[in-house]
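*Asks:* Pasting a predicted model and its sequence here:
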Number of protein chains: 2
Amino acid sequence: MLTLYTYFRSSAAYRVRIALGLKGLPYASEFVHLVHDGGQHHSAAYRAINPQQLVPSLRTEEGNVLTQSLAIMEYLDEAYPDTPALLPADTLGRARVRALAQAVACEIHPLNNLRVLRYLTQELSLSDEQKTAWYQHWIREGLSAMETMLTSSSATGRFCHGDTPSLADCCLVPQVFNARRFACPTDAYPTIERIVQACEQLPAFVQAAPEQQADAQA
Amino acid sequence: MLTLYTYFRSSAAYRVRIALGLKGLPYASEFVHLVHDGGQHHSAAYRAINPQQLVPSLRTEEGNVLTQSLAIMEYLDEAYPDTPALLPADTLGRARVRALAQAVACEIHPLNNLRVLRYLTQELSLSDEQKTAWYQHWIREGLSAMETMLTSSSATGRFCHGDTPSLADCCLVPQVFNARRFACPTDAYPTIERIVQACEQLPAFVQAAPEQQADAQA
């Protein structure tokens, strides 16, 4: 069985949980708590699994360990071709879906993850107010660009690309979850809000949400 | 003909220039200066091409515009299957190459690009010393993890994956270029250094280098 190394609040793990759900692939969870024990992702045991000390990692059915959420989702799409596809069949559509996913995974999330926020407050002694302003700034820049990408293309449908969820939706929903968590207004992005609402009607998205995970704290 | 919207010092554009060279695909360049005119990527004309206001963008032969360097490189690999492949044929190898590419494109570079450095100095009033420490910190974290990923796998060859250059090398070389530019020591990463040296013997890498571009300043 597939094994996912996950943390309930990790945005990148959340993406892969959605993808596994959309593809209907059962998996076991290994919980890696990013706060407890000084961060279990820094333990020697986890470093041996993932030298990047990041979640998620995926152990394949054959026992190979994969890292990086986008690479893991592409792997699932290639290794399980008989399950619902996360990328469209046409080359241009695939490029568009990947670009939307990367607009989150390369432009917004890397600036706002835990290790970066820690650097801001611990190394740079920034105030909570400055940290929040930083967080909201990159969300605003990124979601604003994505809203334009979505509204300016006729390829946008019920979801980011057409009427079935894709890799792009797997990335967008966790990012909007984070935006809400940090009180970033999203009403300026009506297309994004509409798509997220459509996603939230699907069991795969519901079941992948942080609060649904066994490691979620009260 | 393919048209690349590029800036000589852009690490992401540099990746795509290498990929185009490795695949032997001729292309026209549209230069988007990230400093001149308050940043030509912020112009209305360029925003209409790429709402993310980032380089690179690629105009396909059919006139479609693609964004995000990783998505563009995957597009080139899919749209020009008769040229040298940037991804291996096997699913597991593809996942590994993508993860290595993303270890740069999702973990290191997003923290060190121009707009982020500007935020540090302009919005947060950090000193040059603090900015450099930030830059070097994320390079060190990222390259250190990549070195372990490379040394711990028998799939590493003359290049990041086997003996032909891949998407991973297209990302690694510009990142090491940046490391050198900001005086980050790389001698702790002998495998990375060895691979970069192998890449630098190939014309595609040489010709894609910032100093070889027509828009490079003296």
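*Replies:* Done, it's in. Numbers count the residues shown, from 1 in each chain, chains lettered A, B, ... in the order given.

*Asks:* where exactly do the strands run in chain A?
*Replies:* Along chain A, counting by DSSP state E, strands occupy A:2-6, A:27-31, A:57-59, A:65-67.

*Asks:* mind saving the C-alpha coords of the second one as PDB?
*Replies:* In PDB, the C-alpha atoms belonging to strand A:27-31 read as follows (Å, rounded to 0.1, in the frame of the first residue of the first chain):
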ATOM      1  CA  TYR A  27      -3.000   4.900   1.600                       C
ATOM      2  CA  ALA A  28      -1.500   4.600   5.000                       C
ATOM      3  CA  SER A  29      -0.400   7.700   6.900                       C
ATOM      4  CA  GLU A  30       2.800   8.200   8.800                       C
ATOM      5  CA  PHE A  31       2.400  11.400  10.900                       C
END
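
*Asks:* pretty sure A:Phe205 is touching A:Cys199, no?
*Replies:* Yes. At 4.5 Å, A:Phe205 and A:Cys199 qualify as touching, with contact defined as Cβ atoms under 8 Å. (Each C-beta comes from the backbone N, C-alpha and C, glycine too.)

*Asks:* Now the common contact residues for these two.
*Replies:* Contact criterion Cβ atoms under 8 Å, 6 or more residues apart in numbering or on different chains; residues shared by A:Phe205 and A:Cys199: A:Pro165, A:Asp169, A:Val173.

*Asks:* give me every residue that touches the closest residue to the first one other than its chain neighbours.
*Replies:* Think A:Pro165. Of all residues not flanking A:Pro165 in the chain, A:Phe159 sits nearest, at 4.9 Å (Cβ to Cβ, 6 or more residues apart in numbering or on different chains). A:Phe159 is in contact with A:Pro165, A:Ser166, A:Ala168, A:Asp169, A:Ile195, A:Ala198, A:Cys199, counting by Cβ under 8 Å, 6+ apart.

*Asks:* at 7 Å what do you get?
*Replies:* A:Pro165, A:Ser166, A:Asp169, A:Ile195, A:Ala198, A:Cys199 (Cβ atoms under 7 Å, 6 or more residues apart in numbering or on different chains).

*Asks:* so how far is A:Ile108 from the last one?
*Replies:* To tie it back to what came earlier, the one meant is A:Cys199. Per Cβ to Cβ, to the nearest Å, A:Cys199 is found 17 Å from A:Ile108.

*Asks:* So the two - more neighbours on which side?
*Replies:* Using other Cβ atoms under 10 Å in any protein chain shown as the criterion, A:Cys199 and A:Ile108 rank with A:Ile108 on top: 26 against 23.

*Asks:* What is the lengthiest helix in chain A packed up against?
*Replies:* Looking across chain A with DSSP state H, the single longest helix is helix A:128-151. Helix A:128-151 sits against helix A:91-105, helix A:109-112, helix A:190-199, with contacts defined as 3 or more Cβ pairs under 7 Å, 6 or more residues apart in numbering or on different chains; DSSP states H and E.

*Asks:* A:Thr67: which of those helices is closest?
*Replies:* Closest to A:Thr67 of these is helix A:91-105 (Cβ to Cβ; 13.2 Å).

*Asks:* and the residue of chain A positioned farthest from its centre, what are its phi and psi?
*Replies:* Largest separation from the mean C-alpha position in chain A: A:Ser125, at 28.0 Å (Cα atoms, centre = their mean). Torsion angles at A:Ser125 (phi, psi; degrees, to the nearest 10) stand at phi 50, psi 40.

*Asks:* on that earlier part again, could you say which of the helices and strands packed on helix A:128-151 is packed most deeply?
*Replies:* Stretch with highest mean neighbour count among the helices and strands packed on helix A:128-151: helix A:91-105 (a mean of 24; mean count of other Cβ atoms under 10 Å in any protein chain shown).

*Asks:* which helices and strands sit right next to that helix?
*Replies:* helix A:69-79, helix A:128-151, helix A:167-181, strand B:65-67, helix B:69-79.

*Asks:* Low-confidence ranges, chain A, go.
*Replies:* A:218 (pLDDT under 70).

*Asks:* Show me what from it comes close to chain B.
*Replies:* A:51-52, A:64, A:66-68, A:70-71, A:74-75, A:78-79, A:91-92, A:94-95, A:98-99, A:102-103, A:105-107, A:110-111, A:116, A:119, A:124, A:126, A:130, A:145, A:148-149, A:152 (Cβ under 7 Å from any Cβ of the partner chain).

*Asks:* Surely A:Leu117 touches A:Lys131?
*Replies:* Yes. Under the criterion of Cβ atoms under 7 Å, A:Leu117 makes contact with A:Lys131 at 5.9 Å.

*Asks:* need the helices and strands packed on helix A:91-105 in a markdown table with mean neighbour count and distance to A:Gln40, can you?
*Replies:* What follows is the helices and strands packed on helix A:91-105, written out as a markdown table (neighbours: other Cβ atoms under 10 Å in any protein chain shown; distance: least, Cβ to Cβ, whole Å):
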| stretch | mean neighbour count | distance to A:Gln40 |
| --- | --- | --- |
| helix A:69-79 | 24 | 18 |
| helix A:128-151 | 18 | 23 |
| helix A:167-181 | 24 | 20 |
| strand B:65-67 | 22 | 36 |
| helix B:69-79 | 24 | 29 |
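
*Asks:* Between those, which one is closest to B:Gln136.
*Replies:* Between B:Gln136 and these, the shortest separation by Cβ to Cβ is 19.5 Å, and it involves helix A:128-151.

*Asks:* domains for chain A, by residue range?
*Replies:* A:2-84+A:206-212, A:91-202 (automatic domain parsing).

*Asks:* can you redo the ones you listed as a markdown table with distance to B:Gly21?
*Replies:* Converted to a markdown table, those look like this (distance: least, Cβ to Cβ, whole Å):
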| stretch | distance to B:Gly21 |
| --- | --- |
| domain A:2-84+A:206-212 | 24 |
| domain A:91-202 | 20 |
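
*Asks:* With B:Trp138 as the reference, name the closest of those domains.
*Replies:* Comparing the domains of chain A under Cβ to Cβ, the one sitting nearest is domain A:91-202, at 8.6 Å.

*Asks:* gap between the two ends of that closest one?
*Replies:* End-to-end span of domain A:91-202 (Cα to Cα, to the nearest Å): 26 Å.

*Asks:* distance between that domain and the chain's centre?
*Replies:* The chain centroid and the centroid of domain A:91-202 are separated by 9 Å under Cα atoms, centre = their mean, to the nearest Å.

*Asks:* quick one: A:Met73 and A:Arg17 touch, right?
*Replies:* No. Using Cβ under 7 Å as the test, A:Met73 is too far from A:Arg17 to be in contact (10.6 Å).
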